[in-house]
Structure formats: C-alpha cells, structure tokens
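S.K.: Predicted model and sequence below, questions to follow.
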Amino acid sequence: MSGAGKKVMDVANLTFKVGKKIDWDGMAKLMVSDEARKEFANLRRAFDEVNQTLETKFSQEPEPIDWEYYRKGIGSRLVDMYKEAYDNVKIPKYVDTVTPEYKPKFDALLVELKDAEEKSLKESERLEKEIAEVQEMKKKIATMTADEYFEKHPELRKKFDDEIRNDYWGY
C-alpha cells in the first residue's frame with residue numbers, strides 16, 4: 001500500500017473507532033429545545049455520512065498498476081520511465097504543528113469546565129434544598145404560628161424584637 005493510501009486508511013479506521021465511542025443517545029437526551037434536537041440530528045446524520053464515505057471509498061486499497069499491460073500497448077521505455085517516476089514519488093509525512101499549540105489551551109478549558117461543573121452541581125443541590133424548604137413552608141404557612149416561623153428564622157425574631165423595643169412600628 002502506498003503512503004497516501006495507508007494514511008487515508010488510518011484516518012478512516014480512527015474515525016470509525018471514534019464514531020463507536022460517541023454516546024449519541026446520551027447527548028440527545030441533553031437537548032432541550034426542538035431546534036436543538038433538529039440540529040443535533042443533522043450533525044449526527046452528517047457525521048454518519050462522512051464515516052460511511054471514509055469506510056467505503058478510502059479504506060479500500062488501490063489496485064496495483066499492471067505495468068506489463070501498458071508495456072505491451074505503449075512500449076517499455078515510456079512505461080519504465082513512468083514506473084520509475086511513480087516509484088520515486090515521496091509523499092511528505094504530515095507534521096502536526098496545530099495540536100501542540102492548542103492542547104494546553106484545551107486542557108486549561110477542561111479544568112475550567114470541571115470547576116464550573118462542580119460549582120454548578122453544588123449550586124443546584126443548594127437550590128433544590130431551598131425549593132424543598134419553600135414548598136414545605138408553603139404547605140405549613142396557613143397553620144403556622146409566629147413562634148414556629150421565628151424558630152426557622154431567628155434573625156427575623158431579633159429584628160422584630162429590636163423594633164418593638166425601640167418603639168419603631170414601621171411608620
């Protein structure tokens with residue numbers, strides 16, 4: 001297999017492996033709006049089409065050139081010249097200069113993302129507790145006494161006691 005054919009086949013194999021690791025269903029569950037679901041479906045369809053193309057077109061090894069066939073029809077001198085030129089073609093190896101530049105930035109963003117995720121989860125937990133407290137309060141508010149309310153909110157009891165002590169009635 002030639003260098004270019006091998007490279008294309010490696011890319012096709014890698015893309016196929018990456019495609020298997022993507023949790024499309026898990027990501028689809030995260031979509032909130034209909035527009036997001038539609039765009040996500042378009043992305044998945046495009047990814048599958050590219051994957052299919054890479055698997056079929058570029059993963060096949062090219063047929064070897066039948067030099068003898070061309071020698072019979074054209075002449076050995078010209079065919080030998082083309083064969084020599086074909087054999088001397090060197091495809092330069094790709095040197096990735098972009099990834100090293102952006103890898104540290106990407107890693108820093110991942111760390112930032114994890115921190116934001118932790119903060120978000122903590123805040124979400126706090127809000128859920130607060131919502132539960134408010135819902136409980138909503139159920140009990142009709143039958144709750146002032147003492148029961150002040151038990152849960154001692155700072156308000158102190159504030160009201162100070163206002164009464166200072167003869168401040170809000171007007």
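M.R.: Alright, I've got the coordinates.

S.K.: wait, what's in contact with the residue nearest the centre of the chain?
M.R.: What sits nearest the mean C-alpha location of the chain, by CA atoms, centre = their mean, is residue 27, with 8.5 Å. Residue 27 is in contact with residue 40, counting by CB atoms under 8 Å, 6 or more residues apart in numbering. For the C-beta atoms, the positions are set from N, CA and C on the backbone; glycine is no exception.

S.K.: same thing but at 10 Å, please
M.R.: Counting by CB atoms under 10 Å, 6 or more residues apart in numbering, residue 27 touches 40, 43-44.

S.K.: Would you mind checking these for buried ones?
M.R.: Buried members of these, counted by 16 or more other CB atoms under 10 Å: none.

S.K.: After the helix or strand of the chain with the lowest mean pLDDT, heading C-terminal, what element do we hit next?
M.R.: In the chain, no helix or strand scores lower on mean pLDDT, DSSP states H and E than helix 3-21, which sits at a mean of 52. Next in sequence after helix 3-21, counting helices and strands by DSSP states H and E, comes helix 24-29.

S.K.: Dump that following helix to CSV, restricted to CA.
M.R.: Output in CSV follows, covering the C-alpha atoms of helix 24-29 (Å, rounded to 0.1, in the frame of the first residue of the first chain):
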residue,chain,number,x,y,z
TRP,A,24,-25.1,9.9,20.7
ASP,A,25,-28.2,8.8,22.7
GLY,A,26,-26.7,10.3,25.9
MET,A,27,-26.1,13.6,24.2
ALA,A,28,-29.6,13.5,22.5
LYS,A,29,-31.1,13.3,26.0
